[in-house]
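J.: Model the structure of this input:
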Amino acid sequence: MKGFVTVKVTLAMLMAAIVDAKIYERCELALKLERAGLNSFKGYTVGDWMCMAHYESGFDTSFVDHNPDGSSEYGIFQLNSAWWCDNGITPTQNLCHMDCHDLLNRHLLDDILCARQVVSSQNGMTAWDSWIRHCYGHDLSEWLKGCNMHAKHDSKKINS
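T.: Below you'll find the predicted structure:
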């Protein structure tokens, strides 16, 4: 009976997270990221963040992806449970000191704070394979086109 109650509570928490989830529109997200101070953070533009978030989650805050190593990635920036958050399943470093399920709602402050920590690590945005494949070295101005922003468009180069 105790196991059943645990399953019910877990399902209720996941359903609450899904209800509060959001798929952001491009300009809406770009403005939020700019207001959160991500433009020029560690030399990366809002375009870098937008491109990465698009290829990681499609701007969907509820997106969860499961990896072959048993870890999972959570939220709009796909933060990994082995390193950045605790999902209660995967052994973790939990470097952002947070529950992974807190990354699955429309409230982006915790996601942004954790993603800033990822980018502040020695890997910068190369921590995301999608950024390397789809964003690095590309014209990222399209991500901000028509958004009425003052963000700079020049992307940072990868440090060797």
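J.: Going by C-alpha atoms from here, please, whenever you check contacts or count neighbours.
T.: Noted.
J.: for this protein, what helix or strand is lowest in average pLDDT?
T.: Across the helices and strands of the chain, mean confidence by mean pLDDT, DSSP states H and E is lowest for helix 2-19: a mean of 50.
J.: Now the element after that one, going C-ward?
T.: For helix 2-19, the following helix or strand on the C-terminal side (DSSP states H and E) is helix 26-35.
J.: Extract the CA atoms of the helix or strand following that following helix and return them as PDB.
T.: Sequence order places helix 46-57 as the next helix or strand after helix 26-35, per DSSP H and E. Output of helix 46-57 as PDB, limited to C-alpha atoms (Å, rounded to 0.1, in the frame of the first residue of the first chain):
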ATOM      1  CA  VAL A  46      20.400  35.700 -26.700                       C
ATOM      2  CA  GLY A  47      20.600  34.100 -30.200                       C
ATOM      3  CA  ASP A  48      22.900  31.500 -28.800                       C
ATOM      4  CA  TRP A  49      20.500  30.700 -26.000                       C
ATOM      5  CA  MET A  50      17.500  30.700 -28.300                       C
ATOM      6  CA  CYS A  51      19.200  28.400 -30.900                       C
ATOM      7  CA  MET A  52      20.300  26.000 -28.200                       C
ATOM      8  CA  ALA A  53      16.900  25.900 -26.400                       C
ATOM      9  CA  HIS A  54      15.100  25.400 -29.700                       C
ATOM     10  CA  TYR A  55      17.200  22.300 -30.600                       C
ATOM     11  CA  GLU A  56      17.200  21.000 -27.100                       C
ATOM     12  CA  SER A  57      13.500  21.300 -26.200                       C
END
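J.: now for helix 46-57, which elements pack on it?
T.: Packing partners of helix 46-57 (3 or more Cα pairs under 8 Å, 6 or more residues apart in numbering; DSSP states H and E): helix 26-35, helix 129-134.
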